[in-house]
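In: the sequence and its predicted three-dimensional model are supplied below.
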Amino acid sequence: VAKYEGRNRFSYFTHSLQEAAQTRLKLIKDLRVALAANQFRVFFQPILDLSTGCIHKAEALLRWEHPQRGMISPMEFIPLAEETGLIIEIGNWVFRESALWAKRWAVQGREDFQVSVNVSPVQFRDEGNHIDTWLTYLQTLELSGKNIVVEITEGLLLHADSGVIDKLLKFRDADIQVAIDDFGTGYSSLSYLKKFHIDYLKIDQSFIHNLETDPSDMALSEAIIVMAHKLGLQVIAEGVETAGHRQLLAAAGCDYAQGYLFSMPVPPEELETLLHSGFA
Ligand code: C2E
Ligand code: MG
Ligand code: MG
Ligand code: MG
């Protein structure tokens, strides 16, 4: 009986593996047409200045409205877009879309407002000249690079070849700021903070989640804030969900915060309403 069950379990296992592979292939196929079919939207999540309580920036977060499956999380489709190289075209679209909204809000009187865009290591390592195209696009819009922040990962800087360094320098020359996303979860070689010009560290939400109960998470967050300030960088806390988180981070001198306590990522029109309300 045991042998029989074992074989059954094995065939169940291979069957579900096959199913997973098929789902994946179908999703890649759908991803190839999603941009042309207008299925993407950029949402924005406000980032508050903790000393004033004002919305100072917003992170652009990509949303995919799949015709059959509904909203699909970027955690699911970004890796596929990276593997297939589709992230290049999608990422170019996200950049243009983000810049357009930043321009609109600047014209509405928020010249200081920044839109923060996630840029994948695959985009950085690509040989194409899309960064030049981005900069030309900003010129065409007459939008300063100061209104854009680029979010990169720690891993990118660990293996930064001349192509990556070149792109970082181009951003810097254009006054575009650079943030390290999910700080503290990567390979955490701190030497790159000295080597590259970085403007912000974004403390990963896994450190924020238990801030009120776990003294070591509090200690790590405080240490990141002190280190960043000594290096001349500012700090954004991600995943701020409670008034307690906010209070502890403000007391620790954290500069900015982002999280469900303030707002979920929302459609651009809704962010605009927030910007015009007292909240901003
Ligand atoms: P990320 O850049 O670290 O973005 C923050 C994620 O945390 C977002 O998830 C956001 O919705 C979520 N979040 C915000 N506040 C809270 C909170 O208080 N609690 C919790 N539990 N979560 C919160 P989202 O939108 O699902 O995006 C997931 C990841 O997908 C992003 O992580 C980013 O790495 C990637 N991503 C999203 N849009 C893009 C894009 O346009 N390009 C690239 N390359 N990656 C993107
Ligand atoms: Mg991010
Ligand atoms: Mg993050
Ligand atoms: Mg993340």
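Out: Perfect, I can see it now. Ligands and ions are numbered 1, 2, ... in the order given.
In: and the lengthiest strand in the chain with ligand 1, contact?
Out: In the chain, assigned by DSSP state E, the strand with the most residues is strand 55-66. Yes. Interface with ligand 1: strand 55-66 contributes L61, L62 (Cβ under 6 Å from any ligand atom). No exception for glycine: its C-beta is placed from N, CA and C like everyone else's.
In: take that strand, keep the C-alpha atoms, and write them as CSV.
Out: Extracted in CSV, the C-alpha atoms of strand 55-66 (Å, rounded to 0.1, in the frame of the first residue of the first chain):
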residue,chain,number,x,y,z
ILE,A,55,3.5,64.2,1.3
HIS,A,56,6.9,64.8,-0.2
LYS,A,57,7.3,62.0,-2.8
ALA,A,58,5.4,59.1,-4.2
GLU,A,59,6.6,55.7,-5.3
ALA,A,60,5.4,54.5,-8.7
LEU,A,61,4.2,50.9,-8.4
LEU,A,62,3.2,48.9,-11.5
ARG,A,63,-0.2,47.2,-11.7
TRP,A,64,-1.3,44.6,-14.2
GLU,A,65,-5.0,44.2,-14.9
HIS,A,66,-5.1,40.7,-16.5
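In: what number of residues lie near the closest residue to D30 other than its chain neighbours?
Out: Of all residues not flanking D30 in the chain, H66 sits nearest, at 6.5 Å (Cβ to Cβ, 6 or more residues apart in numbering). For H66, the count of nearby residues is 14 (other Cβ atoms under 10 Å).
In: is it true that H66 touches K29?
Out: No. Shown here, H66 and K29 do not form a contact pair, counting by Cβ atoms under 8 Å, at 11.6 Å.
In: kindly report the residues of the stretch 1-150 of the chain close to ligand 2.
Out: For the stretch 1-150 of the chain, the contact set with ligand 2 under Cβ under 5 Å from the ion comprises N118.
In: what ranges does the stretch 1-150 of the chain have for its strands?
Out: Applying DSSP state E, counting those that start in this stretch to the stretch 1-150 of the chain gives strands spanning 40-49, 55-66, 70-72, 114-118, 148-152.
In: mind checking which of these is nearest R24?
Out: Closest to R24 of the strands of the stretch 1-150 of the chain is strand 70-72 (Cβ to Cβ; 12.4 Å).
In: that closest one and ligand 1 in contact?
Out: No. Judged by Cβ under 6 Å from any ligand atom, strand 70-72 makes no contact with ligand 1; its nearest approach is 9.8 Å.
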